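Peer 1: Quick one: sequence and predicted model below, then my questions.
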Amino acid sequence: MKLSDYPDPRGHFDAFGGRFVPEALMPALQELNVAFQQAQNDPAFLAELHDLQVNYAGRPSPLTEATRFSEYCGGAQMLLKREDLNHTGSHKINNVLGQGLLTRRMGKQRVIAETGAGQHGVATATIAALFGFECRIYMGEVDTERQALNVARMQLLGAEVVSVAAGSRTLKDAMNEAMRDWVTNVDTTHYLIGSASGPHPFPKLVREFQRIISTETRATVLERYGRLPDAVCACVGGGSNAIGIFADFIDSPEVGLYGFEAGGEGVETDRHAASINGGSVGVLHGTRTYVLQDEDGQTTDSHSISAGLDYPGVGPQHAQLAKTGRAHYEPVTDAEAMDAFRLLCRTEGIMPAIESAHAVAGARRLALRLTAADPASKPMIVINISGRGDKDVDTAMAYFGIRGKADHSMGELK
Amino acid sequence: MNTAESNALDDRLGISGQTLKATKGAGRAALVGYLPVGYPSVAGSLAAMRAVVEGTDGLGADMVEIGMPYSDPMMDGLVIQHATTKALERGVHTRDLFTAAETVADAGAIPMVMIYWNLVHRYGVEAFARDLAAAGGAGLITPDLTPDEAQEWMAASDLYGLDRVFLIAPSSSDERIATTMAACRGWVYATSVMGVTGVRAQTSSAAPVIVRRARQADPNLPVGVGLGVSNGDQAAEVAAYADAVIVGSALVKCLIAADDAGSDDLRPLREKVADLASGVRRQAR
């Protein structure tokens, strides 16, 4: 079985993945799997999805050659896949359009979702408005505070936002609450998981709806440069944008795949969210994967400056890609990510989401490593800019000590 | 029934199913009381488990469902979450389950452990089975492990002679009910309402339906009904058609009230259990 053929019919990626859920949810997962398989073979479904991607979300997203940024990367050729330019400001729209159509196909009228940074919540609220679904978003209390702008956006779009005060009050607890809602309301409700994680078929389904990122990237790079890139880089929390930009390259071994996890204050500390680099194999939220856990198997709190990466697990396909060595996963600290955030702002006029800034930092590190090893190499490296940074302005202001006041004033006679 | 069939049935009843067969023989349903280990403390939870077995006058739970607190409990409602979160903060460990199993067995009831799968996975499935069996535990109730992912647990439970109780739900197809029950040893846990645990004013109208469907799929395996029972009247109602009545949140509420009041008085818990124990004995079969 080729790596790209996974998961197997039972949702396993070798020893990872599967379905570790209450029996009450098994029928819904089976129903979803069948609906998804039928939809994938239904030209009308695919045509409607394509139309929405183009005429609603604004695809294809551009591939920007980052010339000035490349000067800070040892002369490597840095290309930015601009998912930040999608409608709603991130790659999350790709998945919610697909799952929204599936929800309608299954005859359900209500969607629920978990969100960390709020990007997936906003995207879900958006398609709920578009398709006329009732919508409830679960968000950790800590995240509602650091992402207040996105809370307001969801509410403006007509969604109900529930702040979750249980546990660590972040993404994982929002996911627990969404699961409980789903167990209770599974007849009427689709749980629109935004991450490439959770029980089968979610990791596969989210990958397929995010695959368009790599399909476009591959075609654009081949057409423009006549070859494949040397490396593709993405940030990894649950891993949906990363699996999206990896998918069409998994069977091309000449393309290096690099995922950058949230290293927080360092993987050697207990303040990080790097499940692959700093975790161990466990079961969380319905799937077997790498998890941050204590010696008993209790999930430990993750930390990242980026709410969207602040999750103590990772999608099971990333676990497989890490274990097999096909993809490489490295941690990027809060400080490295914020340096990269500023660098991309200043060199390219592009303000990435702090999540994506982890990919920027990691890609730069990779570029410097490759060009140091071989100064003549001029590697071509694609970075997935999974989202834009507008939502992170408050965090960035606090981090950089910017007060939002003018630097100088003039026009008044002193 | 010939001898071979009878032996096969005994095998399927395991340890806990024999108790349910015996209570059925006595013309009543069994009472299963859920309590989390570690709340209000490990010692306090052991005392509470003894109280649940004893009630006020020796009539209490026939079986104790010993719950292991978990950081991400997908099936638990707010009452149980409150207690298990506190238990984790107060330092409960997986190994405390084994002490609890010994305590329940010593008190004269059947200890069944309810545990989310990652904790068993982390301990090591076979090592966990070995240590639970050594402590006198009867087996596991696995809320987030269905037979689909249970190969390792099937092997370990066979090796150590432990019961394995899987859940069925109103949303389960007839086919899934049949395959799930075929994988069980002891009994099957029918969740009577869709949703998480918690006290409800009325028991679900779905409960008799799911029990009937279970009986159709497999008339020989006992059926326990959980989620929603909070008093003796409701227990009597469920006891009329189920082999075991499972009560959780209503018991845990007694412990929370005491803990919040800074008291270790188990009297309210004993009285609640006595009410429930009389409930399962007052059915109209």
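Peer 2: Looks like it came in fine. Residues are numbered from 1 along each chain as shown, chains lettered A, B, ... in the order given.

Peer 1: State the helix or strand in which the residue in chain B that chain A sits nearest to lies.
Peer 2: When you check chain B against chain A by C-beta to the nearest C-beta, the closest residue turns out to be residue B:122, at 3.0 Å. Every C-beta, even on glycine, is put in place using the N, C-alpha and C of the backbone. Mapping residue B:122 onto the secondary structure by DSSP states H and E places it in helix B:117-123.

Peer 1: could you check whether the next helix or strand after that helix is close to chain A?
Peer 2: Using DSSP H and E, the helix or strand that follows helix B:117-123 in sequence is helix B:125-134. No: Helix B:125-134 stays clear of chain A (C-beta under 8 Å from any C-beta of the partner chain), getting no nearer than 10.5 Å.

Peer 1: packing partners for helix B:125-134?
Peer 2: helix B:96-107, helix B:151-160 (3 or more C-beta pairs under 8 Å, 6 or more residues apart in numbering or on different chains; DSSP states H and E).

Peer 1: just to revisit the earlier point, outside of the helix holding residue B:122 itself, list whatever touches it.
Peer 2: A:20, A:281-284, A:288, A:291, A:293, A:295-299, B:68, B:70, B:94, B:128, B:131, B:140, B:142, B:144-145, B:149, B:153 (C-beta atoms under 8 Å, 6 or more residues apart in numbering or on different chains).

Peer 1: Pull out the buried residues from the residues you listed.
Peer 2: Buried members of those, scored by 16 or more other C-beta atoms under 10 Å in any protein chain shown, are A:20, A:281-284, A:288, A:291, A:293, A:296-299, B:68, B:70, B:94, B:128, B:131, B:140, B:142, B:144-145, B:149, B:153.

Peer 1: Quick one: end-to-end distance for stretch A:53-67.
Peer 2: For stretch A:53-67, the first-to-last residue distance is 28 Å (C-alpha to C-alpha, to the nearest Å).

Peer 1: What parts of the stretch 201-350 of chain A come near chain B?
Peer 2: By C-beta under 8 Å from any C-beta, the part of the stretch 201-350 of chain A that sits against chain B consists of A:281-286, A:288, A:291, A:293, A:295-299.

Peer 1: Tell me which two in these are the farthest apart.
Peer 2: Pairwise distances among these were taken by C-beta to C-beta; the largest, 22.6 Å, belongs to A:286 and A:295.

Peer 1: just to revisit the earlier point, inside helices: which ones of the buried ones among the contacts of helix B:117-123?
Peer 2: Using DSSP state H, the members of the buried ones among the contacts of helix B:117-123 that fall in helices are B:128, B:131, B:153.

Peer 1: Hmm, the last one is touching residue B:141, no?
Peer 2: No: counting by C-beta atoms under 8 Å, residue B:153 stays clear of residue B:141, with 11.7 Å between them.

Peer 1: Which positions within the one helix or strand residue A:178 maps to qualify as buried?
Peer 2: Here residue A:178, judged by DSSP H and E, is contained in helix A:171-185. Neighbour counts over helix A:171-185 (16+ other C-beta under 10 Å) mark A:171-183, A:185 as buried.

Peer 1: Chain A contacts on the stretch 101-250 of chain B?
Peer 2: Counting by C-beta under 8 Å from any C-beta, the positions of the stretch 101-250 of chain B adjacent to chain A are B:117-123, B:143-146, B:148-149, B:166-173, B:176, B:180, B:191, B:194-196.

Peer 1: again, only this time at 10 Å
Peer 2: B:115-123, B:142-150, B:166-173, B:176-177, B:180, B:189-191, B:193-197 (C-beta under 10 Å from any C-beta of the partner chain).

Peer 1: Without its sequence neighbours, what residue ends up closest to the spatially most central residue of chain B?
Peer 2: Among the residues of chain B, the one closest to the centroid is residue B:65, at 3.7 Å (C-alpha atoms, centre = their mean). Nearest non-adjacent residue to residue B:65, counting by C-beta to C-beta, 6 or more residues apart in numbering or on different chains: residue B:34, 4.1 Å away.

Peer 1: again, but for residue A:213
Peer 2: Spatial nearest neighbour of residue A:213, chain neighbours left out: residue A:244 (4.0 Å); criterion: C-beta to C-beta, 6+ apart.

Peer 1: What of residue B:59?
Peer 2: Closest to residue B:59 by C-beta to C-beta, 6+ apart is residue B:277, at 4.4 Å.

Peer 1: OK, contacts around that neighbour?
Peer 2: Contact analysis of residue B:277 by C-beta atoms under 10 Å, 6 or more residues apart in numbering or on different chains lists B:28, B:31, B:33, B:52, B:54-62, B:232, B:235, B:245.

Peer 1: try 6 Å this time
Peer 2: B:31, B:55, B:59-60 (C-beta atoms under 6 Å, 6 or more residues apart in numbering or on different chains).

Peer 1: what is the orientation angle of the strand of greatest length in chain B with helix B:96-107?
Peer 2: Longest strand of chain B, by residue count under DSSP state E: strand B:30-36. Relative orientation of strand B:30-36 and helix B:96-107, computed by axes from the mean of the first three to the mean of the last three C-alpha atoms, to 10 degrees: 150 degrees.
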